[in-house]
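[1] no sequence on this one, just coordinates:
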């Protein structure tokens, strides 16, 4: 059974937008640990690849101020960036045209900083009758207060907050969808802590699959010495 809902994200209705994941923009982030921010962003990029969801990758003032997009993100997405000068990507003709040409009405944003380069296009997209989702744990701000204010403002305007793991699971929805389930589980194993560890444990100890590591552990049975 295929269930359709106007509220649910699917691989067919979504467009991922990655905004300014650049060193200079990340240096001042204090609302989330920098490594966790990168982890969640890379997981989101892998989710896009897993479900063949088109992505837009943008950068701002790369040569003069912000530096290049994180190499890990470039390696996953393997696409050119839209270089901008405007903080609101909605006001950049090339980016705006690419969004419209995609034909997708559900825009999923991640990037830096939440209150400016995410909120400005998010609010603009909402006014243009797009559905907007902001991946809160793949965004960052200069303080927890700034992140709270940015997410609250966006939500009050109609944007939906979501996390990178929620995003992955909503797109998968049914583990019987074998065309994506193995890759989705691989993302979970690599990026989502105790959940991924649990998947590894179930695979090896319950379902008796081979270990995932290339250098596998050799099991040893230790017997207590007799007295």
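    Received the coordinates, thanks. Source: prediction; values computed, not measured.

[2] any idea how far the nearest residue to residue 30 once chain neighbours are set aside is from residue 114?
    Once flanking residues are discounted, residue 30 sits nearest to residue 143: 5.2 Å by C-beta to C-beta, 6 or more residues apart in numbering. (C-beta placed from N, C-alpha, C; glycine too.) Going from residue 143 to residue 114 by C-beta to C-beta, to the nearest Å gives 11 Å.

[3] So which of the two has more stuff around it?
    residue 114 (30 against 12; other C-beta atoms under 10 Å).

[4] so what's that one up against?
    31, 134, 136, 139-141, 146-147, 150-151, 154 (C-beta atoms under 8 Å, 6 or more residues apart in numbering).

[5] Repeat the analysis, applying 10 Å as the threshold.
    19, 29, 31-32, 122, 134, 136, 138-142, 146-151, 153-154 (C-beta atoms under 10 Å, 6 or more residues apart in numbering).

[6] And those residues, which of them are buried?
    19, 29, 31-32, 122, 134, 136, 138-141, 146-147, 150-151, 154 (16 or more other C-beta atoms under 10 Å).

[7] Need phi/psi at the nearest residue to residue 91 once chain neighbours are set aside.
    Closest residue to residue 91 apart from its sequence neighbours, by C-beta to C-beta, 6+ apart: residue 124 at 7.8 Å. Dihedral pair for residue 124: phi -70, psi -40, per degrees, to the nearest 10.

[8] Could you list the domains of this protein?
    The record's domain parsing of the chain by automatic domain parsing lists 14-172, 174-214.

[9] and the last one, average pLDDT?
    Averaged across domain 174-214, the pLDDT comes to 91.

[10] Which parts of the protein are helices?
    23-27, 34-50, 71-77, 93-102, 119-127, 144-157, 164-172, 178-191, 193-201 (DSSP state H).

[11] before we move on, the earlier item: tell me the most buried of the domains of the chain?
    domain 14-172 (a mean of 19; mean count of other C-beta atoms under 10 Å).

[12] and it, how far apart are its ends?
    13 Å (C-alpha to C-alpha, to the nearest Å).

[13] Can you give me the pLDDT of the closest residue to residue 98 other than its chain neighbours?
    Excluding the flanking residues, the one nearest residue 98 by C-beta to C-beta, 6+ apart is residue 56, at 5.7 Å. We have a pLDDT of 98 for residue 56.

[14] Which residue lies nearest the spatial centre of the chain?
    residue 44 (2.5 Å; C-alpha atoms, centre = their mean).

[15] For the residue nearest to it when sequence neighbours are not counted, list the residues it contacts.
    Using C-beta to C-beta, 6+ apart and skipping residues adjacent in sequence, the residue nearest residue 44 is residue 164, 4.8 Å away. Residues counted as contacts of residue 164 (C-beta under 10 Å, 6+ apart) are 39-47, 108, 110, 135-138, 187, 191-192.
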